[in-house]
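Chemist: could you look at this predicted model? Sequence included:
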Amino acid sequence: MKRILLVEDDGAIVAALTAFLEEDGFEAVCAAGQREAQAILEREPVALALVDLALREGTGFGVCAAARQRGIPVIFLTASTDETSVVTGLDMGADDYIGKPFRPRELVSRIRTVLRRCAHTQTVELPGGVTADLEKGKVWRDGAEIPLSALEFRLLSALVTRRGRLMTRGQLLEELWDIDGDFVNDNTLTVYIRRLRNKIEADPRNPAIIRTVRGLGYRVD
């Protein structure tokens, strides 16, 4: 049974959605705010996060960042017609969004679509015989495991889940910021990019996986 994290502070919506998700074969675990959601993400396996953008405690964007650092897909629930908020959520790596009020059947259909799509992308083949399993948090080259620190893997995961798209240094810093008590600034990011390249690239001076987009950021093709 797949566990869905529902982050919503409206009790009536929580009760209705929990009942509907469980009726459709999912297990629902609920959080009313960002802090509670992050605690659940740290201690429990979750297949997908269903997150209200407007929370009384914290933000849906903060929950999205914490979920994406763990390779967990995110669907935003939003009553907002503010296009900027929706675009910001998608740029952060959210997989989909649905506006309130929504039809429960449509929501479940979108959940299943995102889960199917992500099931095919958890294991990613990279140049040079490198394979990354985003669900297990492991990386191999030609069958031999490459040991990465938690922060190194979060950095690689952030780039890989958005492969083909530029990630600015600012976006990467937001992805890595302090969920696990790590202090990450611009200089630290440079150090971790170098360490990661030294571990996964066949030729770190001429990287084939993590490419630098000069003056802008990084990209995995």
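Modeler: Looks like it arrived, so ask away.
Chemist: what residues does the worst-scoring helix or strand of the chain on mean pLDDT touch?
Modeler: In the chain, no helix or strand scores lower on mean pLDDT, DSSP states H and E than helix 83-91, which sits at a mean of 77. Helix 83-91 is contacted by residues 53, 60-61, 64, 74, 76, 78, 80, 97, 171 when judged by CB atoms under 8 Å, 6 or more residues apart in numbering. (Glycine included, C-beta is placed from N, CA and C.)
Chemist: what's the distance between that helix and the middle of its chain?
Modeler: Centroid separation between helix 83-91 and its chain, computed with CA atoms, centre = their mean, to the nearest Å, is 15 Å.
Chemist: elements contacting the helix or strand following that helix?
Modeler: Toward the C-terminus, helix 83-91 is succeeded by strand 96-99 as the next helix or strand (DSSP states H and E). Packing partners of strand 96-99 (3 or more CB pairs under 8 Å, 6 or more residues apart in numbering; DSSP states H and E): strand 74-78, helix 83-91, helix 104-119.
Chemist: give the pairing partners of strand 96-99; include direction for each.
Modeler: Taking DSSP bridges as the criterion, strand 96-99 sits next to strand 74-78 (parallel) in its sheet.
Chemist: just to revisit the earlier point, distance to Pro147 for the contacts of helix 83-91 - can I get that in TSV?
Modeler: TSV is the format used below for the contacts of helix 83-91 (distance: CB to CB, whole Å):
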residue	distance to Pro147
Leu53	37
Gly60	34
Phe61	32
Cys64	28
Val74	28
Phe76	35
Thr78	40
Ser80	43
Tyr97	37
Gln171	26
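Chemist: so Lys136, which state does it fall into?
Modeler: Secondary structure state of Lys136, per DSSP: H, G, I helix; E, B strand; the rest coil, is coil.
Chemist: what's around it, how many residues?
Modeler: Using other CB atoms under 10 Å, Lys136 has 10 neighbouring residues.
Chemist: let me see the contact set for it.
Modeler: Contacts of Lys136 by CB under 8 Å, 6+ apart: none found.
Chemist: tabulate the helices and strands packed on strand 96-99 (CSV), appending mean neighbour count and distance to Val213.
Modeler: CSV is the format used below for the helices and strands packed on strand 96-99 (neighbours: other CB atoms under 10 Å; distance: least, CB to CB, whole Å):
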stretch, mean neighbour count, distance to Val213
strand 74-78, 23, 25
helix 83-91, 14, 16
helix 104-119, 15, 26
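Chemist: right, so of the ones you listed, which gets closest to Arg211?
Modeler: helix 83-91 (19.6 Å; CB to CB).
Chemist: what about dumping the CA coordinates of that closest one to PDB?
Modeler: Provided in PDB are the C-alpha atoms of helix 83-91 (Å, rounded to 0.1, in the frame of the first residue of the first chain):
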ATOM      1  CA  GLU A  83       0.100  32.100 -11.800                       C
ATOM      2  CA  THR A  84       3.400  33.200 -10.200                       C
ATOM      3  CA  SER A  85       2.800  30.800  -7.300                       C
ATOM      4  CA  VAL A  86       2.000  27.900  -9.600                       C
ATOM      5  CA  VAL A  87       5.100  28.600 -11.700                       C
ATOM      6  CA  THR A  88       7.300  28.900  -8.600                       C
ATOM      7  CA  GLY A  89       6.100  25.500  -7.400                       C
ATOM      8  CA  LEU A  90       6.700  23.800 -10.700                       C
ATOM      9  CA  ASP A  91      10.200  25.400 -11.000                       C
END
